[in-house]
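Asker: Below is the structure, and that's it, no one-letter string:
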């Protein structure tokens with residue numbers, strides 16, 4: 001393997017960029033790995049900026065827990081195909097773990113947070129956008145601090161539920177979480193249901 005091909009391989013390993021992109025970057029930068037990395041980052045940023053106005057209606061949910069808390073995050077992209085790509089899945093998982101171990105309250109704070117291998121989360125997002133060729137947006141996240149027994153369930157990375165019970169029954173907590181993802185209930189108990197909804201149901205299913 002000649003030096004040029006070695007450089008291309010090394011650059012691909014370091015950046016995850018495609019073969020042709022790495023070859024062009026090296027040719028434009030006198031075979032310098034360091035300059036080529038900067039070149040590819042700038043190229044990725046330009047691509048990301050062009051795609052920033054595109055709608056992101058597909059995506060995935062990340063769910064991670066430790067002994068203290070659970071994190072739910074929704075990250076969107078343009079197509080379901082991209083949402084199943086390993087680069088997108090890895091991005092979702094890394095951001096979820098970052099939220100789990102850091103005290104991050106807002107999306108703005110998240111995007112400015114440091115993450116391994118990149119300047120910050122926004123820099124990482126730009127990198128993934130360039131690889132996928134699709135826009136990515138972090139829509140929302142929720143950190144839940146646990147008080148009792150945890151039950152979680154996620155279905156197809158699209159629907160997720162978290163249950164926190166005040167009784168020591170892990171199996172029950174998980175079963176309830178699974179039931180929530182299947183039935184999408186809006187209330188925990190009958191006392192929370194608005195009077196007008198109860199009256200409407202009584203007309204359909206009258207008490208015996």
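Answerer: Sure thing, it's come through. None of these values were measured; they are calculated from a predicted model. Residues are numbered from 1 along each chain as shown.

Asker: From here on, just use CA atoms for contacts and neighbour counts.
Answerer: Noted.

Asker: The protein: strands as residue ranges?
Answerer: Counting by DSSP state E, the chain has strands at residues 58-65, 69-77, 136-145, 149-155, 159-165.

Asker: among these, which is nearest residue 28?
Answerer: Distances from residue 28 to each of these were compared by CA to CA, and the smallest falls on strand 136-145, at 28.5 Å.

Asker: which other residues reach the closest one?
Answerer: Strand 136-145 has contacts (CA atoms under 8 Å, 6 or more residues apart in numbering) with 52, 56, 68-78, 99-100, 107, 125, 129.

Asker: List the buried residues in that strand.
Answerer: Within strand 136-145, the residues scored as buried using 16 or more other CA atoms under 10 Å are 136, 137, 138, 141, 143.

Asker: swap in stretch 23-36?
Answerer: Result for stretch 23-36 [16+ other CA under 10 Å]: buried residues 23, 25, 26, 31, 33, 36.

Asker: likewise stretch 113-120?
Answerer: Neighbour-count burial for stretch 113-120 [16+ other CA under 10 Å]: 113, 115.

Asker: Tell me, how many residues neighbour residue 160?
Answerer: 20 (other CA atoms under 10 Å).

Asker: Quick one, grab the pLDDT at the nearest residue to it once chain neighbours are set aside.
Answerer: Spatial nearest neighbour of residue 160, excluding adjacent residues (CA to CA, 6 or more residues apart in numbering): residue 154 at 4.2 Å. Per-residue pLDDT puts residue 154 at 87.
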